[in-house]
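K.L.:
Provide a 3D model corresponding to the input given below.
(one chain, ligands or ions: 1)
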Amino acid sequence: AVIVRSSTNIEGELLNADQKLKIVVPAGIGVDNIYLSACKDKGIVVENTPFGNANSAAEHAVALMFAAARFVPQAHEKLINGEWAKKLFMGVELKGKTLGLIGAGNIGRLVAQKAIGLGMNVIAYDPYPNQKALDELGVNILDLNDLLRGADFVSLHIPLLDSTKHIMGQEQFEIMKETAILINASRGGTVDEGALTQALIDGRIAGAALDVFEEEPLGAGHAFEDLNNIILTPHLGASTHDAQIQVAVDAAEQIEAFLKDEIIKNQVNS
Ligand code: MLT
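P.N.:
Coordinates of the predicted model:
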């Protein structure tokens with residue numbers, strides 16, 4: 001059995017080398033670093049652990065929303081460089097603003113709960129919505145363009161699939177409010193980084209906060225480095241002591257159940 005986080009790729013030589021491998025368990029939800037069909041061809045089960053880090057991911061999205069709304073990293077940077085930049089940073093409150101979720105699954109709904117607690121109005125786009133759960137929260141499902149037109153903050157909570165690659169690109173940034181802020185703590189590749197850079201340079205949208213990138217680690221000299229209306233963190237969504245304990249326990253229990261009793265709980269490559 002092999003347990004991985006998001007930066008270890010399970011593909012190519014690694015799969016060919018170990019003919020005894022029976023199960024791969026990502027300690028988290030994302031599986032885009034695992035060559036699922038190759039594992040299937042070799043009879044290797046891939047099971048994720050989708051719940052243990054979900055709250056940490058949701059909290060990180062909310063943290064990015066606060067940080068972007070109040071320029072926390074930019075103000076910190078000025079202050080440690082000796083500048084008391086009180087007049088430079090005029091933020092916005094989250095209360096009373098509309099949060100548009102792209103993806104209203106487990107993590108998206110946790111973000112919705114927290115945002116509602118902060119006094120935000122939450123709307124969502126999701127092609128396969130859990131209507132009952134969203135009705136209970138009071139979250140309306142809209143089509144993507146209507147969501148982009150109405151949202152002050154847009155936060156992605158989707159996997160990277162063919163259908164979600166660059167779901168946020170130039171066309172979508174043009175629909176968004178000029179005052180809107182984009183948050184992505186889901187998967188890189190869902191946002192077209194070239195189009196986002198241009199939208200931020202042109203003032204098409206007000207800001208962005210990203211935890212995930214098309215290429216990770218983010219290479220030196222990336223166009224984002226020249227922007228002052230973007231906040232970046234290095235894929236930290238699941239990086240809390242709490243989440244890592246929980247996903248480790250989930251992964252270990254799932255592996256034990258599979259190896260001892262052939263019980264498969266969350267297979268993603270069947
Ligand atoms: C996840 O997919 O759950 C996270 O990205 C995994 C991680 O960063 O550990």
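
K.L.:
touching, Pro50 and Gln267? I think so.
P.N.:
No. Counting by CB atoms under 8 Å, Pro50 sits too far from Gln267 to count as a contact (11.7 Å). No exception for glycine: its C-beta is placed from N, CA and C like everyone else's.

K.L.:
could you check which of those two has the larger neighbour count?
P.N.:
Pro50 (20 against 14; other CB atoms under 10 Å).

K.L.:
pLDDT wise, what is the more buried one at?
P.N.:
Per-residue pLDDT puts Pro50 at 96.

K.L.:
give the closest residue to it in space, chain neighbours not counted.
P.N.:
Ile29 (4.4 Å; CB to CB, 6 or more residues apart in numbering).

K.L.:
quick one: residues contacting the one you found.
P.N.:
48-50, 53-54, 57, 107, 159 (CB atoms under 8 Å, 6 or more residues apart in numbering).

K.L.:
tell me the secondary structure at it.
P.N.:
Following DSSP: H, G, I helix; E, B strand; the rest coil, we place Ile29 in the coil state.

K.L.:
check what pLDDT it gets.
P.N.:
Note on Ile29: pLDDT of 96.

K.L.:
again with Gly12
P.N.:
Gly12 carries a pLDDT value of 87.

K.L.:
contacting residues for it?
P.N.:
By CB under 8 Å, 6+ apart, the residues touching Gly12 are Tyr35.

K.L.:
from the ligand, how far out is it?
P.N.:
According to CB to the nearest ligand atom, to the nearest Å, Gly12 and the ligand sit 21 Å apart.

K.L.:
roughly how far apart are the residue nearest to Pro50 and Glu193?
P.N.:
22 Å (CB to CB, to the nearest Å).

K.L.:
could you give me the average pLDDT of stretch 78-91?
P.N.:
For stretch 78-91, the mean confidence score works out to 98.

K.L.:
what does this structure put close to the ligand?
P.N.:
By CB under 6 Å from any ligand atom, the residues of the chain that approach the ligand are 5-6, 27-30, 53, 235, 237-238.

K.L.:
can you put those in JSON lines and add distance to Gly138?
P.N.:
What follows is these, written out as JSON lines (distance: CB to CB, whole Å):
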{"residue": "Arg5", "distance to Gly138": "34"}
{"residue": "Ser6", "distance to Gly138": "32"}
{"residue": "Ala27", "distance to Gly138": "33"}
{"residue": "Gly28", "distance to Gly138": "29"}
{"residue": "Ile29", "distance to Gly138": "25"}
{"residue": "Gly30", "distance to Gly138": "28"}
{"residue": "Asn53", "distance to Gly138": "26"}
{"residue": "His235", "distance to Gly138": "31"}
{"residue": "Gly237", "distance to Gly138": "25"}
{"residue": "Ala238", "distance to Gly138": "28"}
